[in-house]
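Peer 1: sequence and predicted model, in that order:
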Amino acid sequence: MKITSAQFKTKAHEALSNEILQRALKKLERGFVTQRAEAIANLPEFNALRDKAVNIKNHTLQNLDFYLEHFANQVEASGGQVHWAIDAKEACQKVLEICQKVHAENIVKSKSMLTEEINLNETLEKAGLSVTETDLGEYIIQKRHEQPSHIVAPAIHLIKKQISKTFKQIHSDMNPNRSLEKDEELLEEARQVMRKKFFNADVGITGANFLIANTGTTVLVTNEGNADLTQTLPKTHIVVASIEKMLPSFEDATQFIRLLSRSATGQAITSYVTFTTGPKRADDVDGPEQFHVILVDNGRSKMLGGVFQDMLRCIRCGACLNHCPVYEAVGGQAYGSMYPGPMGAVLTPSLFGINTSKDLPNASTFCGRCESVCPLRIPLPKMMRHYREQEFQQHLSSHSSRMGLKSWAFLAAHPLFYRKIMGITIYLLNKLSHRQGRFHKLLFARAWTQYRDFPAPLSKTFQQLWETKKNKIE
Amino acid sequence: MSDAKNQLLARIRAALHRGLLSTAEQSALTESMLHPTRGIIPAYLNTDKKGLMRLFIETARRSASTIAELSSRSEVPNAILQFLKENDLYTRTLQVSQDLASIINFEKFADLKIDFENNKREFSVSITSAVCGISETGTLMMVSEPKHPTLINFLAETHIIVLATQAIVPSYEDAWDLIRAGSKMPRTVILSRAPLAPLI
């Protein structure tokens, strides 16, 4: 996927005016948010688990070189092969080389944000290979030539009617008058189409939610079972995983499994969690003959040891997206990155540079909900603030916003002047609003009033009120 | 060692402002990996065998699984036949894992199409065993082995699992202990809390 975060403002405006998208986004509050709250209420140990997971991840990151080497040795001991990739280009090249070596033509893939990040499909398709996404949401957006809008539910921006229409267009060999109104009908049709793809696939590509160093095991957490068919049916299985997915042991992974699905979908555990160690064994009936793991850096090592290291704890649950008022208003595609929402506002500039995504750290009200729901306690607002500082220091922000910030800095440094200015502004706004408490339209604030009213101050500043009332309080 | 590997590990060490860990530090990390301590386990699992059994059934049913409680192994064939009839699956091909074929008497299934070969790709119903049931979330643990291939757990529309009540354990950690008690790490370990629940 190409990063188009530079168009965030334009896309956000389009998203706010898109009625179908706004209807689809309502699913978030009804679904993930409520279900997460219920799941957590049923597990009193949830906060203790968060602390434990933070400690495990911090420890692993501090010793990442050791655990990566141990993991690689264990994969090789179990008959698999490990490949190391510094960047996206190297990672894609490694995957392509393996595919070409086994003379692959058809590839099936399960959902993986990393393969979106490194733009793997494009590399494989350019080389003439057929790639089919097998996660239902990913399959739908692949066929619609769209970008994922959510890291857990990539087609959450679509309503059923749109999906039915897409299925009728792309599955043109089926009865055009068939009913596709119910969820089960859509599911059954996708299942039928996908089965053929699975049986014809030469290579299966998956990501990994976790890597376990102790045994050289890759872990997949899914709800559809498609990832298990992807990694079992084709003769070659390639796991593409970023280096920070590492955990020392099964016991450590278990702590994360307790957190992940509760934070993501509100499930106590997903339908399937599969731990894979190596290729098919001599007496196995099924399984891939070749098992490859590509360990990808692509910018992670630069985040280690610095102010953005905590971001490497992210387990891609999407809780920060689900609770973000900005994401809820504009959806994921406006961010122009495979990583939308608050986690994307930190990860996108970390991986692709602040100059390509300077608006994303500003797409936050700093309400703090993202940090409060993050199972790994990642200080997302603090990191977004770091990127805002970088944006200012590198002169990436617009002239008007720089002037605004400079004016604000001047006022903040001169409190008496600040009080005078604020007193006059509030008095004028109060007069202009005719004491109605809100503006439907306001000069220089059209971006705000286009979608909602601007609250008008009712009478005086806090300092003015304090002056008049402090004696009574004392 | 490959160039990319050298480069990647060097970048990590540089970012962490240190070189290769000392032999003593590496030994300590290896030791803690080989003998991992249990983390936080939900307190609601501190109950007796009956309580764990009840919890397993409740949590599994909450995830839309159906459960039949039987008093002995000999009741299994009749219960399966009844389920197949009730769900209009009586005429479908059944794939039965070989590990189960040796402990359950399938003579009563003479009228049914049963496949014990475990190498087919098209079947509607699979019947298998499980290593254990985990009360914590009503989850089943299956492992790949010659008599229980991986695909049998995923290809069927309906998966019937026969589980001995003695095989119900409290937590995932107890299930890992069972895995470690085996001779070597299975190629796949599956925690299944089906039916599937696609997220679009």
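Peer 2: Looks like it came in fine. Numbers count the residues shown, from 1 in each chain, chains lettered A, B, ... in the order given.
Peer 1: helix, strand or coil for the nearest residue to B:Ala175 once chain neighbours are set aside?
Peer 2: Taking CB to CB, 6 or more residues apart in numbering or on different chains as the measure, B:Ala175 lies nearest to B:Met141, with 5.0 Å between them; neighbours along the chain are not counted. In this view, the C-beta of every residue, glycine as well, is placed from N, C-alpha and C. B:Met141 carries the three-state label strand when classified by DSSP: H, G, I helix; E, B strand; the rest coil.
Peer 1: I'd say B:Met141 and B:Ala130 touch.
Peer 2: Yes - with contact defined as CB atoms under 8 Å, B:Met141 counts as touching B:Ala130 (6.1 Å).
Peer 1: quick one: residues contacting the residue lying closest to A:Phe439 once chain neighbours are set aside.
Peer 2: Nearest non-adjacent residue to A:Phe439, counting by CB to CB, 6+ apart: A:Phe454, 4.4 Å away. Residues in contact with A:Phe454 (CB atoms under 8 Å, 6 or more residues apart in numbering or on different chains) are A:438-439, A:442, A:445, A:448.
Peer 1: which residues does the worst-scoring helix or strand of chain B on mean pLDDT contact?
Peer 2: Among the secondary structure pieces of chain B, namely its helices and strands, strand B:113-115 has the lowest mean (mean pLDDT, DSSP states H and E), a mean of 81. Under the criterion CB under 8 Å, 6+ apart, residues B:91-96, B:106, B:123 lie in contact with strand B:113-115.
Peer 1: now do the helix or strand that that strand is followed by: everything it contacts.
Peer 2: Once strand B:113-115 ends, the next helix or strand along the chain (criterion: DSSP states H and E) is strand B:125-129. Counting by CB under 8 Å, 6+ apart, strand B:125-129 makes contact with B:80, B:84, B:89, B:92-97, B:99-100, B:103, B:142, B:148, B:152-153, B:155-163, all of which sit outside it.
Peer 1: any idea how far stretch B:150-157 is from the chain center?
Peer 2: Chain-centre distance of stretch B:150-157: 12 Å, with CA atoms, centre = their mean, to the nearest Å.
Peer 1: and it, average pLDDT?
Peer 2: The average pLDDT for stretch B:150-157 rounds to 90.
Peer 1: who touches that stretch?
Peer 2: When contacts are defined by CB under 8 Å, 6+ apart, stretch B:150-157 is touched by residues A:225, A:228-229, A:232-233, A:286-287, B:95, B:97, B:118, B:121-126, B:128, B:142, B:144, B:159, B:187-188, B:190, B:192.
Peer 1: quick one: end-to-end length of it, please.
Peer 2: 15 Å (CA to CA, to the nearest Å).
Peer 1: just to revisit the earlier point, ok, the residue nearest to A:Phe439 to chain B distance?
Peer 2: Look at A:Phe454 and chain B: by CB to the nearest CB, to the nearest Å, they are 36 Å apart.
Peer 1: show me where pLDDT drops low in the stretch 351-474 of chain A?
Peer 2: A:473-474 (pLDDT under 70).
Peer 1: now a PyMOL select for only the buried ones of the contacts of strand B:125-129.
Peer 2: Entered in PyMOL, the line below selects the buried ones among the contacts of strand B:125-129, by 16 or more other CB atoms under 10 Å in any protein chain shown:
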select buried, chain B and resi 80+84+89+92+93+94+95+96+97+99+100+142+148+152+153+155+156+158+159+160+161+162+163
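Peer 1: all strands for the chain, in order.
Peer 2: Using chain A here. With strands called from DSSP state E, chain A shows them at A:81-85, A:106-109, A:130-133, A:203-206, A:210-212, A:217-222, A:236-242, A:246-247, A:272-276, A:290-296, A:438-439, A:454-455.
Peer 1: my bad, chain B
Peer 2: For chain B, applying DSSP E gives strands covering B:93-96, B:113-115, B:125-129, B:132-134, B:139-143, B:158-162, B:168-169, B:188-192.
Peer 1: nearest the geometric middle of chain B, what residue?
Peer 2: Among the residues of chain B, the one closest to the centroid is B:Met141, at 1.7 Å (CA atoms, centre = their mean).
Peer 1: who does that residue form a beta bridge with?
Peer 2: Note on B:Met141: beta-bridge partners B:Cys132, B:Leu191, judged by DSSP bridges.
Peer 1: tell me what the helix or strand of chain A with the lowest mean pLDDT is packed against?
Peer 2: For chain A, the helix or strand with the lowest mean confidence is helix A:462-473, at a mean of 80 (criterion: mean pLDDT, DSSP H and E). Judged by 3 or more CB pairs under 8 Å, 6 or more residues apart in numbering or on different chains; DSSP states H and E, the packing partners of helix A:462-473 are helix A:415-432.
Peer 1: buried set for the helix it packs on?
Peer 2: Here helix A:415-432 shows A:418-419, A:422, A:426, A:429-430 as buried, counting by 16+ other CB under 10 Å.
Peer 1: now do stretch B:70-90: everything it contacts.
Peer 2: Contacts with stretch B:70-90, where a contact means CB under 8 Å, 6+ apart, come from B:66, B:68, B:92, B:94, B:103-109, B:112, B:124-125, B:127, B:158, B:160, B:162, B:164.
Peer 1: let's see that with 7 Å instead.
Peer 2: By CB atoms under 7 Å, 6 or more residues apart in numbering or on different chains, the residues outside stretch B:70-90 that reach it are B:68, B:104-106, B:108-109, B:124-125, B:127, B:158, B:160, B:162.
Peer 1: tell me the mean pLDDT for that stretch?
Peer 2: Across stretch B:70-90, the per-residue pLDDT values average to 89.
Peer 1: so who does B:Ala167 touch?
Peer 2: Contacts for B:Ala167 (CB under 7 Å, 6+ apart) come out as B:132-133.
Peer 1: where does chain B dip in pLDDT?
Peer 2: Under the criterion of pLDDT under 70, the regions of chain B flagged as low confidence span B:1, B:118, B:194-200.
Peer 1: quick check: B:Thr59 touching B:Thr137?
Peer 2: Yes - using CB atoms under 7 Å, B:Thr59 is in contact with B:Thr137, at 5.5 Å.
Peer 1: so those two - more neighbours on which side?
Peer 2: Neighbour count, other CB atoms under 10 Å in any protein chain shown: between B:Thr59 and B:Thr137, B:Thr137 has more, with 23 against 20.
Peer 1: next, that one: phi, psi?
Peer 2: The phi and psi values for B:Thr137, taken as degrees, to the nearest 10, are phi -130, psi 10.
Peer 1: hmm, it is touching A:Gln267, no?
Peer 2: No - taking CB under 7 Å as the definition, B:Thr137 is not a contact partner of A:Gln267, at 8.6 Å.
Peer 1: quick one: A:Ser350 from A:Arg300, how far?
Peer 2: 9 Å (CB to CB, to the nearest Å).
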